[in-house]
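*Asks:* Starting from these lines, generate the structure:
(one chain, ligands or ions: 1)
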Amino acid sequence: MMRKHSSHIEAGSSSCCSGTCYCSKKVKVTICVVIWTVIAVIVALILAVIIKAATLQELFERMELGARDDPVFMSATEQEILERSQRLVDAISYRTISFSGTNLSLEAMTDFGTFLERVFPNLHDSDFVTFTPINTYSRLYRIEGTEKTLNPYLLCAHMDVVPEGDFDLWTHDPFDAGIVTESDGQDYIFGRGAIDDKHAVLGIMEALEYKVVNKEQPKRTFYIGFGHDEEVSGYLGAAEISITLEKMLKDNGEELDFLLDEGMFVVADIIPGINVPLIYIGVAEKGWAVVDLDAEGDQVHSSTPPLESSIGILAHGVANMEDNKQPSMFGKGPEIDTLRYAAPHATFLLKMILGNLWLFSGLVSSALELSSQTDSIQRTTTAVTIFNAGVKENVVPSQAHAVVNHRIHPSDNLEDVLELDRENADRVKVTLRDSFPPSEVSSYSNDVIPFQIVVNSALEVFPDAKPVPGLMVANTDTFHYKNLTDKIYRFTPVYNLPEDIARFHGIDERISVDIYSKVVQFYYRLMVNADFDVKIAPTAQVEVKPEEVEEFLEILEESDYESPINNTDSNLLPLTKVMEESDENSANETDSHLMILQDIPEEPNENPSNETDSGLPPSQDILEEDFDAMPVNETYSDMLPLESAPKDLDLYDLTPEEETFSNRTID
Ligand SMILES: CC/C=C\C/C=C\C/C=C\C/C=C\C/C=C\C/C=C\CCC(=O)N[C@@H](Cc1ccccc1)C(=O)O
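*Replies:* From the prediction side, this is the model:
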């Protein structure tokens, strides 16, 4: 109840008011409570934001894959680095340009293939490398591991390049520049293809050639696929490689574990406030759509122009599309984890923002919008790439045509994109010409070994950079491989500042000699690190009956068979131990059980120099408790190689089915 005169006001000394208002005590108390509650909430929020920022944890946890602190690299003397760089220079000189799907530089591509065979003779000659030409120009290699591998992987790159564009804008000849020293004092390999994507083709070949020359046959089988028309969508190259590879995998009883293709890179200074370079691994890729825009008007004499020409109508539509962008999807795709993973490496102010995206996602989305590069990770982009109309200066044309290229965010969908296009260009005919959807998001949690293999290899060459998963904003050949594996990563370790990103398909494409050397080492380390996770095909599946186990043990004791437990070179489990175990547990089983050694839980091997051929812990490291931990009803081992047992043993009476394993029969 308000009172009329201030003299009647019962103003408490603890009042929020000055004592001159008309409020009752009750109202004042209520107002005080509300104000203090609001203040308390704000203070609590600020505190929560600060505490969250102060306690931000690194999200990527590095898995030990081997010699983490002391990785062994390819030898890289100054001379070797120079020779490798020169080979990339030579590769760039082949004008393997893809102008369109029907206009490829096939002669240059043939010469480029011959060049690869000439400068990497050893790998092309190696017993463990098989080369298969695909559709004449693309190249598929199978590198046979020392172990019969169930889970090979694929390294991809492409040999074609986009045209140089405006030649006059290039500082040096895009196909004949060689190595040039730039104003920053660094040596650069210059030219079209230096970072897209001949550095990867040559980098992979260099690493493999080195392994062949140094007799470092990998344990794990892998494949290399080089497409010849990636820049025009890969329908002749990667699509065909994929078909052949699928068949090869099937024939060999293999399943592709993961693949690595070009894509994102190491990027620095892209987000103000994050002052470390980011190893940005593309874990998903945008979709693609090409849209035709057609406007019509009257064709008349230019002296009496229509109120609206076809060109004017189209121009309005296109301008609207640029002004009213496709909506931000921030928080619905991998971009949110890009920022979450980067957050612990930000300034404290930025940590408060990135560490509290529940509160600041709108702010962050607006900040990303400030640059076209950062904006591209949060929305479907709209690029007007072709605009045509008119044939003569004094004729108003009846038709105007434009082409828009969308890259579709994984959380967006084509129908919504087209609907907004039609709203924006409401007086224009909008026709979808071509599209494919965004990719699935490949897993990147810390226990995903393929992700760890890629990241570890990158960290070995860029130890100060921080890994982040993210969206690949352009497209790659990986679209054609999506049926082969769900673990697809897009990355090469090229170091880019924001101004360098414009060199992709732009002017003055280049890679420094120093970074190219890291590219080569990255692929080498990847081939080494990948050996950590070789899954080996069974060499035998033997059904063992308890009485046979007894008999086997007796014979074994009498024989001079040397148990592999004493053999440091061996990855074999102590046969006797497995047999005893199988006997003890036979009560839990049906009348027999299979033994497949490779299913023993794997442990990361801390000392790679003691690594066994299989990548599994050496047999002598498998302790009693490991056996106890093994599920008795599960298959244990394929590593009871019949051929290493005493020759006079005649234990196994195998049925034809038992003799068959992994698509082949024991001889
Ligand atoms: C913290 C992160 C913030 C921001 C992200 C940082 C950078 C991203 C910004 C820009 C990326 C710029 C360039 C593109 C990136 C990489 C290029 C590498 C490969 C591109 C391959 C390519 O050019 N493909 C072609 C052809 C093609 C078309 C359709 C299907 C397959 C291939 C293309 O995408 O047009």
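*Asks:* okay, CA-based contacts and neighbour counts for the rest of this
*Replies:* Noted.
*Asks:* Torsion angles phi and psi at residue 267?
*Replies:* phi -130, psi 140 (degrees, to the nearest 10).
*Asks:* thought it was touching residue 498?
*Replies:* Yes. When contacts are counted by CA atoms under 8 Å, residue 267 is listed as touching residue 498 (7.5 Å).
*Asks:* Tell me the residues of the stretch 451-600 of the chain that contact the ligand?
*Replies:* 473-477, 501, 504 (CA under 6 Å from any ligand atom).
*Asks:* Which ones among the residues you listed map onto helices?
*Replies:* residue 501 (DSSP state H).
*Asks:* ok, and the most crowded of the residues of the stretch 451-600 of the chain next to the ligand?
*Replies:* residue 477 (26 neighbours; other CA atoms under 10 Å).
*Asks:* doesn't residue 234 make contact with it?
*Replies:* Yes. At 5.9 Å, residue 477 and residue 234 qualify as touching, with contact defined as CA under 8 Å.
*Asks:* list residues touching both of those two?
*Replies:* Counting by CA atoms under 8 Å, 6 or more residues apart in numbering, the shared contacts of residue 477 and residue 234 are residue 227.
*Asks:* Where does pLDDT dip in the protein?
*Replies:* Within the chain, the stretches with pLDDT under 70 are 1-21, 67-69, 540-544, 556, 559-667.
*Asks:* Apply 80 and report the result again.
*Replies:* Low-confidence segments of the chain (pLDDT under 80): 1-23, 66-69, 538-549, 552-667.
*Asks:* Any idea which residue is closest to the centre of it?
*Replies:* Central residue of the chain (CA atoms, centre = their mean): residue 489, 1.8 Å from the mean position.
*Asks:* rewinding a little: more neighbours: which of residue 267 and residue 498?
*Replies:* Each of residue 267 and residue 498 has its neighbours counted (other CA under 10 Å); residue 267 has more, 22 against 15.
*Asks:* how close does the more buried one get to the ligand?
*Replies:* 7 Å (CA to the nearest ligand atom, to the nearest Å).
*Asks:* Ok, residue 314 next?
*Replies:* Distance from residue 314 to the ligand, by CA to the nearest ligand atom: 24 Å.
*Asks:* tell me which element that residue is part of?
*Replies:* Element membership for residue 314, per DSSP states H and E: helix 310-323.
*Asks:* what's that helix packed up against?
*Replies:* Packing contacts for helix 310-323, counted by 3 or more CA pairs under 8 Å, 6 or more residues apart in numbering; DSSP states H and E, involve strand 287-296, strand 381-389, strand 399-408, helix 414-424.
*Asks:* Can you tell me the strand partners of the first one and which way each runs?
*Replies:* If you go by DSSP bridges, strand 287-296 pairs up with strand 399-408 (antiparallel), strand 429-436 (antiparallel).
*Asks:* neighbours of residue 150, just the number please.
*Replies:* The burial count for residue 150: 21, using other CA under 10 Å.
*Asks:* Pretty sure it sits against residue 536.
*Replies:* Yes. Counting by CA under 8 Å, residue 536 is a contact partner of residue 150 at 5.6 Å.
*Asks:* related to what we said a few turns ago, Serialize the residues of the stretch 451-600 of the chain next to the ligand to TSV and add fields for distance to residue 331.
*Replies:* Below are these laid out as TSV (distance: CA to CA, whole Å):
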residue	distance to residue 331
473	16
474	19
475	21
476	24
477	26
501	24
504	27
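*Asks:* Show me what the longest helix seen in the chain is packed against.
*Replies:* Using DSSP H, we find that the single longest helix of the chain is helix 25-54. Using 3+ CA pairs under 8 Å, 6+ apart, the elements in contact with helix 25-54 are helix 348-354.
*Asks:* neighbouring contacts of the helix it packs on?
*Replies:* Contacts for helix 348-354 (CA under 8 Å, 6+ apart): 49-50, 52-54, 56, 273-274, 339-340, 343-345, 359-360, 364.
*Asks:* And the buried ones among the residues you listed, selectable in PyMOL?
*Replies:* Buried members of these, defined by 16 or more other CA atoms under 10 Å, are picked up in PyMOL with:
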select buried, resi 49+50+52+53+56+274+339+340+343+344+345+364
